[in-house]
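Colleague: need a structure here:
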Amino acid sequence: LNSRSIMRGLLLSVACAAILLASSSLVASAVADQVYLLDLSFTFGDNDRQSFYETLHFVTALQGLANRDTPQLYVLFAPADAHWFQYLRQPGEMLANSTITNITTIEEAFSIFQHVAQGAVVYEGVQLNALSLLASTASGAENLLPVCRRSNASNPTIYDRFVLAGKLPVGRELNASMFDGHETGSRKGDAYMWAIREFIETNKSNAAVQGFYLDYFWTRAPMCCGDPNTDKLQTTLSNHDWFIARRGFFWDLDVWPDEAPNDDPTQPPGTDLKVLQAIALAAYKQTQGNAMIHVGGFTPWAYKYVTPFGKHEGVATEWQTVKVLSSYNYYLDGDACCLAAMANAAFYAHYPLPERFAPLPLPSKASLVQKGYLTKDGKVAPLTYAYWYGGDYDSSAWLYGMLWDRWNDPLRGLVPIGWAVDPNLSLRFPVIYPYLHKTLTANDVMQAGDSGAGYVNPSQLYEPRQYSGLPSGAAVWARHNEHYYQRFGLSFSGFLINGDIPLPPAVAADYMPYSPHGITEQNDGPHPDVALLDGSLPVFREAADIVNVDPAHGAAEMCGFVQPNHTAFMMFRSILVPAGFMVNATLSARTLCPLLAIVSPLEAGFLARIYLGGNNDWIATYLDDTLPRTLKAGGTTQATFEVRNDGWNTLAANSTHLSVTIGTTVSTLPLSADLAPGLTDNFYGTIAAPAASGVYDMVYELIDAGGKKFKSLPYKIPVTVV
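Modeller: Numbering: from 1, shown residues only. From the prediction side, this is the model:
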């Protein structure tokens with residue numbers, strides 16, 4: 001089972017833990033000349049739930065609009081905000097030379113940035129919860145600030161302070177009387193159906209970006225999590241800024257066909273699901289079925305939709321949510337309770353990343369022999385080979401708040417760990433990726449997490465798609481993954497979550513081009529196993545979740561999978577576990593069961609390929625090139641392409657060349673000399689540009705004259721021809 005619900009209680013105690021300050025600068029970053037810093041810690045002293053919600057809603061939307069085009073407004077709200085602000089102030093970082101101006105009130109922030117807003121979207125959240133999210137949608141689509149229509153003479157509200165005070169004109173009203181339930185049988189449902197027509201079908205909203213976040217219902221829900229501050233973080237309002245900046249569409253809906261949700265108990269059962277399907281179909285049509293749809297957020301299970309509020313428990317509801325969404329080409333950026341809060345993503349989105357992160361060298365034959373995993377004659381030693389899945393970093397909020405301490409554990413680097421950080425999270429939190437790559441040790445390997453570049457149920461990308469009936473989205477998912485795997489140097493997929501549906505055979509084959517060294521399926525059988533697809537792709541299975549309780553207990557559980565005189569391969573999954581726990585569990589297991597070998601995911605892939613009769617030949621890694629990204633039409637350019645031979649065979653100069661294709665124009669560069677395993681060569685020569693101007697994909701890859709296919713994704717990047 002996915003252990004998010006099991007881990008929730010363990011994680012609450014650390015949800016607001018302080019995060020250590022970075023000690024070294026990393027990359028030259030874009031400069032933000034003037035930044036305003038607003039400390040929102042005072043909002044935690046507001047014990048009026050409506051007042052807290054409305055204040056945070058207003059400020060987050062202001063921040064999203066202010067930071068849409070340039071990073072200007074930073075807030076201190078979520079536990080990690082102060083840490084990452086100080087990180088960005090280091091020499092060489094994004095804010096190293098910025099002028100920082102502290103502001104202390106909402107009024108002051110508004111006075112500085114009121115020019116980004118064209119007015120207020122006034123919503124009646126007290127009467128209809130869903131209108132708060134329609135207001136967030138309108139905020140991004142129409143440059144409006146969300147204001148709940150509510151007055152309080154003794155404690156003036158945002159409505160009192162800005163709308164009634166004449167500081168902010170009303171640009172749009174969302175009145176509860178607009179929705180009477182005649183269309184869907186639910187006022188909530190009618191509101192979203194109206195929003196589809198008003199924002200998605202008119203293209204005012206970018207339906208490829210969506211937020212599944214808690215609505216105004218939070219203001220009347222009982223406190224969760226045993227702590228008022230943790231409860232306030234779970235509004236997830238601070239997460240809205242990035243989605244507002246990108247004109248995203250917001251919703252909060254149940255996914256079950258057999259129940260009415262606890263926030264709308266009089267609706268016909270399944271109405272929420274039908275409305276969600278209508279939203280998803282409208283988004284699919286807007287994207288013409290050619291793009292994956294990013295949805296941030298998660299089932300708000302501390303307040304809605306799961307037991308004890310409904311029939312279905314948390315993990316089943318998670319799987320149902322992903323199943324429904326995947327059938328419409330959605331992927332989840334799962335900001336789940338109770339670590340769901342993230343602020344400043346619209347600010348971080350301006351942090352520059354390199355075109356690509358060059359991957360570390362892949363396992364060599366000599367290294368596996370030296371470690372005792374391969375005999376000198378190339379046979380795999382009879383051991384139980386297991387690798388760590390260090391997750392679950394499939395949520396921008398979880399990555400933002402939780403990885404730093406776990407990564408910077410002083411024991412990291414002593415044993416192999418596969419860190420499962422979804423690359424698509426770089427959209428909302430790019431800041432951490434250069435740091436991770438700069439501080440990798442030889443024992444750290446980056447792999448994609450659930451279920452690649454975003455959390456999907458892969459089975460629902462293929463026909464028949466249970467909830468949509470749409471054509472296959474497998475090719476769209478493949479293009480999406482190819483981009484992220486290439487950019488972040490990934491070649492292994494750590495965990496494909498298919499819930500309660502078996503994976504179609506085509507899934508593994510479609511992962512092969514961009515995840516050539518292995519994929520790991522969810523554990524749905526009594527024993528983990530490994531297969532080799534088409535003689536090339538290792539397909540592993542999860543053995544167990546190893547919970548962060550006691551390393552000795554974890555080691556004993558791991559050793560339970562060892563069988564003497566038997567070769568096996570498997571994955572052990574950890575969830576928000578410090579590196580030190582995985583190190584200590586591994587060291588304990590080495591003593592308890594010496595036949596268990598903890599290897600990296602890539603080592604497991606290379607060993608399994610040999611064990612099952614395949615080979616580790618014909619593998620190239622494309623490290624860098626000097627070709628300009630703007631070329632003259634019909635012209636030629638001299639360029640160098642740096643390529644490493646990560647296969648175990650020598651590439652012969654007389655039969656290997658680099659093919660560089662721009663549109664339909666092909667240039668060929670020869671290999672200057674035989675290239676031994678592990679070595680790098682620079683292919684140099686003349687590259688021709690197409691005669692017609694336009695934007696083209698530039699693709700380069702090694703070609704073997706004898707027809708051998710490389711187990712490597714060709715490098716592809718757009719270039720402009722003028």
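Colleague: any idea where the helices of the stretch 351-500 of the chain begin and end?
Modeller: 365-370, 396-407, 432-438, 474-488 (DSSP state H, counting those that start in this stretch).
Colleague: tell me which residues in the shortest one are buried?
Modeller: Going back to what we said before, that points to helix 365-370. Using 16 or more other CB atoms under 10 Å as the test for burial, helix 365-370 gives 365, 367-368. All C-beta spots, glycine's among them, are computed from the backbone N, C-alpha and C.
Colleague: I'd like to know which elements that helix is packed against.
Modeller: The elements that helix 365-370 packs onto, with contact taken as 3 or more CB pairs under 8 Å, 6 or more residues apart in numbering; DSSP states H and E, are helix 601-611.
Colleague: same deal with the longest one?
Modeller: With contacts defined as 3+ CB pairs under 8 Å, 6+ apart, the packing partners of helix 474-488 are strand 444-450, helix 506-511, strand 715-721.
Colleague: tell me the SS of the closest residue in space to residue 529 that isn't next to it in sequence?
Modeller: Distances taken as CB to CB, 6 or more residues apart in numbering place residue 541 nearest to residue 529, at 5.7 Å, with adjacent residues excluded. Here residue 541 is recorded as strand under DSSP: H, G, I helix; E, B strand; the rest coil.
Colleague: save the helices and strands packed on helix 474-488 as TSV, and put in mean pLDDT and mean neighbour count too.
Modeller: Listed next are those as TSV, based on pLDDT from 0 to 100; neighbours: other CB atoms under 10 Å:
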stretch	mean pLDDT	mean neighbour count
strand 444-450	95	28
helix 506-511	90	20
strand 715-721	97	16
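Colleague: take the helices of the stretch 351-500 of the chain and write them to TSV, including distance to residue 324 and mean pLDDT.
Modeller: Formatted as TSV, the helices of the stretch 351-500 of the chain follow (distance: least, CB to CB, whole Å; pLDDT from 0 to 100):
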stretch	distance to residue 324	mean pLDDT
helix 365-370	43	97
helix 396-407	21	97
helix 432-438	30	97
helix 474-488	16	97
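Colleague: right, so of the ones you listed, which gets closest to residue 118?
Modeller: When the helices of the stretch 351-500 of the chain are compared by CB to CB, helix 396-407 sits nearest residue 118, at 28.3 Å.
Colleague: could I get the full set of strands for the stretch 301-450 of the chain?
Modeller: 330-333, 384-393, 417-421, 444-450 (DSSP state E, counting those that start in this stretch).
Colleague: and what of the stretch 501-650 of the chain?
Modeller: Secondary structure of the stretch 501-650 of the chain by DSSP E, counting those that start in this stretch: the strands cover 519-521, 531-533, 537-545, 568-575, 596-599, 620-625, 630-631, 636-645.
Colleague: and of the ones you listed, who's closest to residue 65?
Modeller: strand 630-631 (31.9 Å).
Colleague: in CSV: the helices and strands packed on helix 474-488, plus distance to residue 292.
Modeller: Formatted as CSV, these follow (distance: least, CB to CB, whole Å):
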stretch, distance to residue 292
strand 444-450, 14
helix 506-511, 14
strand 715-721, 17
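Colleague: out of these, which gets nearest to residue 116?
Modeller: strand 715-721 (30.5 Å).
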